[in-house]
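*Asks:* I'll drop the sequence and a predicted model, then ask my questions.
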Amino acid sequence: MPIITALKGHSNSECENSPSSCWVDVDLSKPEDHEWLVTQSGLSEELIAFLVRENFVNHRNLHDGSVLIALKVSGDQSTLNPLGLVDLKIFIDANRIITIRYHPVMAIEQTYAYLKNTPQNSVTHSGKVMDVFSHIVNNLIVHIEKITFTMSDRLAVLEDQYFDNGTVFDSAVLLKLRGDICKIRRILNVLRNTLLIRIEDAILPIDKEARVGMLRASNHVTLNIDNLDDLVSRIDTLQNLDNTNRAEAMSQSSFRLTIVATVFLPLTFVSGLLGMNVGGIPETDSPWGFWAITGGMVTLATGLWVYLYRRLQTARMKR
């Protein structure tokens, strides 16, 4: 059986057998939880089919006023990728909140700890489904923010190495970092859209305190999205500078190759001319003829090299 936490001070038995407010946490890695979701949750077959699927990031407002949120959120262990993103879905209606997951999720455990340490007669714990949702979202945001800070530190190290020491970085590292940012940004976009819609939705019972908390969480999500956008801009700057340096290196290599080809062009012409097996070539019978021709070729090649080198230096100074 899934873990059923009664809200509004009701017992678990009341929560199971009546529409009293409650939180149901379903771990689909357990066969009994999967059986409960299929046979006792009271959800439609189409909705259940979606809930048992993995790896979706989505937000849906259903026709009966309920809402379904599908996320990949950071858990307490790396299960699918280095960010530790695991599958989590949240279903909310007027009387209950159902969380569906395949792995341990840190935000869920932290919310359990919060409810356990909150007195039953307190205002915050007094039976609001949206209170539980708000705490789960806040815990997700805090954990995602830690991951964002870690990525920012990694990027700062690359920036310092590049600008201070001229160290060439691996472009695959930036590509991987950009991919992680895109994954987190998808999660935050879903959370922000969900919070904004829930704040203005009159169907779900949201009191003033919960509305303020959700608005604060929405602002926090927006701030984290802005931070991720800033990281993307910094990555773009590094990639553009790296591409510029690579293009400059390629240009210099091409210019050097052109100089070499230009220098050897007259040498090739003269050597080909002297290699012709014909008579009448000037200075053929003179003992100094070979050295005169050779010296002329060397002088011509050296002059061309000096001329082109100075042109290259002048072009660099103009830049």
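*Replies:* Perfect, I can see it now. The model shown is predicted, which means the values in this text are computed figures rather than measured ones.
*Asks:* Then Lys89 would be within a helix, right?
*Replies:* No. Counting by DSSP: H, G, I helix; E, B strand; the rest coil, Lys89 falls outside a helix, being strand.
*Asks:* Which secondary structure state does the nearest residue to it once chain neighbours are set aside sit in?
*Replies:* The shortest distance from Lys89 to any non-neighbouring residue, by CB to CB, 6 or more residues apart in numbering, is to Ile100 (4.3 Å). Every residue, glycine included, has its C-beta placed from N, CA and C. Put simply, Ile100 is strand when judged by three-state DSSP.
*Asks:* and what of Ile4?
*Replies:* At Ile4 the chain is in strand, as set by three-state DSSP.
*Asks:* Return the list of helices and strands in contact with the helix or strand hosting Tyr307.
*Replies:* Element membership for Tyr307 (DSSP states H and E) is helix 289-318. Applying 3 or more CB pairs under 8 Å, 6 or more residues apart in numbering; DSSP states H and E, one finds that helix 289-318 contacts helix 208-274.
*Asks:* Tell me how confident the model is about the helix it packs on, as a mean pLDDT.
*Replies:* Helix 208-274 shows an average pLDDT of 82 in the prediction.
*Asks:* tell me the angle that helix makes with helix 289-318.
*Replies:* 160 degrees (axes from the mean of the first three to the mean of the last three CA atoms, to 10 degrees).
*Asks:* Packing partners of helix 208-274?
*Replies:* Secondary-structure packing of helix 208-274 (3+ CB pairs under 8 Å, 6+ apart): helix 129-165, helix 171-200, helix 289-318.
*Asks:* next one: the last one to chain centre, how far?
*Replies:* Distance, stretch centre to chain centre, for helix 289-318: 53 Å (CA atoms, centre = their mean, to the nearest Å).
*Asks:* Pop the domain breakdown of the protein in here.
*Replies:* Here the domain assignment for the chain is 3-244, 249-318, based on automatic domain parsing.
*Asks:* re earlier: relative to Met1, how far out is the residue nearest to Lys89?
*Replies:* For Ile100, the distance to Met1 equals 14 Å [CB to CB, to the nearest Å].
*Asks:* Of those two, which one has the most company?
*Replies:* Ile100 (25 against 13; other CB atoms under 10 Å).
*Asks:* For the more buried one, give me its contacts.
*Replies:* Going by CB atoms under 8 Å, 6 or more residues apart in numbering, Ile100 touches Val26, Leu28, Leu37, Leu51, Val52, Leu88, Lys89, Ile90, Phe91.
*Asks:* Just give the number of residues close to His220.
*Replies:* 19.
*Asks:* so who does it touch?
*Replies:* Residues near His220 by CB under 8 Å, 6+ apart: Asn138, Ile141.
*Asks:* quick one on the thing from earlier: make JSON lines out of the contacts of Ile100 and add neighbour count.
*Replies:* Output for the contacts of Ile100, formatted as JSON lines (neighbours: other CB atoms under 10 Å):
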{"residue": "Val26", "neighbour count": "25"}
{"residue": "Leu28", "neighbour count": "18"}
{"residue": "Leu37", "neighbour count": "20"}
{"residue": "Leu51", "neighbour count": "20"}
{"residue": "Val52", "neighbour count": "14"}
{"residue": "Leu88", "neighbour count": "23"}
{"residue": "Lys89", "neighbour count": "22"}
{"residue": "Ile90", "neighbour count": "22"}
{"residue": "Phe91", "neighbour count": "23"}
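*Asks:* so which of the residues you listed would you say is closest to Ala70?
*Replies:* Using CB to CB, Lys89 is the member of those that lies nearest Ala70, at 4.7 Å.
*Asks:* Confirm for me that the closest one is in contact with Leu51.
*Replies:* Yes. In this structure, Lys89 is within contact of Leu51 by CB atoms under 8 Å, at 5.6 Å.
*Asks:* any residues in contact with both of those two?
*Replies:* Joint contacts of Lys89 and Leu51 (CB under 8 Å, 6+ apart) are Leu68, Ile100.
*Asks:* and Tyr309, how many residues sit next to it?
*Replies:* Tyr309, neighbours per other CB under 10 Å, totals 11.
*Asks:* That should have said Leu155, apologies.
*Replies:* Number of residues near Leu155 (other CB under 10 Å) recorded here: 19.
*Asks:* Likewise for Val132?
*Replies:* Counted with other CB under 10 Å, Val132 comes out at 25.
*Asks:* show me the contacts for the closest residue in space to Ala301 that isn't next to it in sequence.
*Replies:* Nearest residue to Ala301 in three dimensions, chain neighbours excluded: Val263, at 4.8 Å (CB to CB, 6+ apart). Applying CB under 8 Å, 6+ apart, we find Val263 in contact with Ala301, Leu304, Trp305, Leu308.
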